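Q: Build me a structure from this.
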Amino acid sequence: MSARPVLGLVGLGNMGGRIARRLTAGGETVWGFDLDTGAVDRSTATPAGSVGTVMAEADLVFLSLPDSSVVEPLVLGADGILANCREGQVVVDLSTSSPDSTRRIHEQLARRDVEYLDAGISGGAKAAEAGTLTVMVGGSAAALDRVRPALSHFAAHVHHMGGSGAGHTTKLLNNFLNGVSLATTAEVMVAARKAGLDLPQLLDVINASSGVNFATLERFPKIVRGDYLEGGLTVDLMAKDIRLYLELLRELELESQTGSATLGCFELASSLGYGDQISNRVVDALGDVAGGIRVSAP
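A: Residues are numbered from 1 along each chain as shown. This next block holds a predicted model:
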């Protein structure tokens, strides 16, 4: 592999497009593929007509896709990554995927002498734009060292969590806590509005007290001013991540006492038409069933 490898990126949507722009702005050569050709144009990556073209041109290939149901056919399909890979390549899956699926893919690519790293990312669109994402990686430490220079363009924190699947396991645990804090804070804010409290002042109190969390610190100070931070994880994707967490717990033979209620909040929001909107809109769904309450300023 050359000192500065050629990069590939499959999936140039909300996060992948931002990551591609960080990579090209850093001087990297990036071949990009997405079924949406407009996304490829917006990404600043060099257009690749197929996954096969990406694999032919790139040494390190990033995947930024929704979940295992998309990753598996892309990797294992007739004209996918497995069919077009070559010895020495590294594939880095930035998606939020099933750890069990990740381990199966890792085993199949290993037979072709291709490294597969599961690398969940956290921080959202804002961190992707700023290059300050957190990356949690499973797989070979040596392969991760080869990828670190490319990761440095869009990540400020990179953690090697262990063997194959450990990165995606970490991501599911983190995303569940993210969903819990968002859903419960949304419920509290609706209750506070109905109780007649001053919401910015309430947030000041919570953020100096034991109820503080990411949603109270980063989300709701903006939401109460009418800024829902559009462009981040959607309601439907949040629900998908929580389902993956619950699937993980079943595999671990554990029972979740809080998962169903958290998932129910986002499934409610989806049923009320918020599915393709940012997950922060769960507060509007909870407000709808409370009689039309809105916590955001007019």
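Q: for this protein, what are the low-confidence residue spans?
A: For the chain, applying pLDDT under 70 flags the ranges 1-3, 298.
Q: how is it carved up into domains?
A: Following automatic domain parsing, one finds the domains of the chain at 7-163, 170-289.
Q: From the structure, what's the count of residues near Gln257?
A: 7 (other C-beta atoms under 10 Å). For the C-beta atoms, the positions are set from N, CA and C on the backbone; glycine is no exception.
Q: mind checking which helix or strand it is in?
A: Following DSSP states H and E, there is no helix or strand that holds Gln257.
Q: Now do the contacts for it.
A: Counting by C-beta atoms under 8 Å, 6 or more residues apart in numbering, Gln257 touches no other residue.
Q: re earlier: so of the domains of the chain, which one's packed in deepest?
A: domain 7-163 (a mean of 20; mean count of other C-beta atoms under 10 Å).
Q: residue ranges of the strands in this protein, please?
A: Assigned by DSSP state E, the chain shows strands spanning 7-10, 30-33, 46-47, 60-63, 90-93, 115-122, 133-138, 155-162.
Q: which strands and helices sit next to the third one?
A: Strand 46-47 is packed against strand 30-33, helix 37-43, with contacts defined by 3 or more C-beta pairs under 8 Å, 6 or more residues apart in numbering; DSSP states H and E.
Q: got a markdown table for those, with distance to Gly275 too?
A: Shown next, in a markdown table, are these (distance: least, C-beta to C-beta, whole Å):
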| stretch | distance to Gly275 |
| --- | --- |
| strand 30-33 | 26 |
| helix 37-43 | 20 |
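Q: right, and the ones you listed - which one's nearest Ser97?
A: Among those, the nearest to Ser97 by C-beta to C-beta is strand 30-33 (18.3 Å).
Q: Who are the packing partners of that closest one?
A: Counting by 3+ C-beta pairs under 8 Å, 6+ apart, strand 30-33 packs on strand 7-10, helix 16-25, helix 37-43, strand 46-47, helix 51-57.
Q: Tell me which residues are up against that strand.
A: 6-10, 12, 20, 23-24, 40, 43-51, 53-54, 57-58.
Q: Apply 6 Å and report the result again.
A: 7-10, 12, 20, 23-24, 40, 43, 45-46, 48, 51, 54, 57-58 (C-beta atoms under 6 Å, 6 or more residues apart in numbering).
Q: Name every strand pairing with that strand and say which way it goes.
A: strand 7-10 (parallel), strand 46-47 (parallel) (DSSP bridges).
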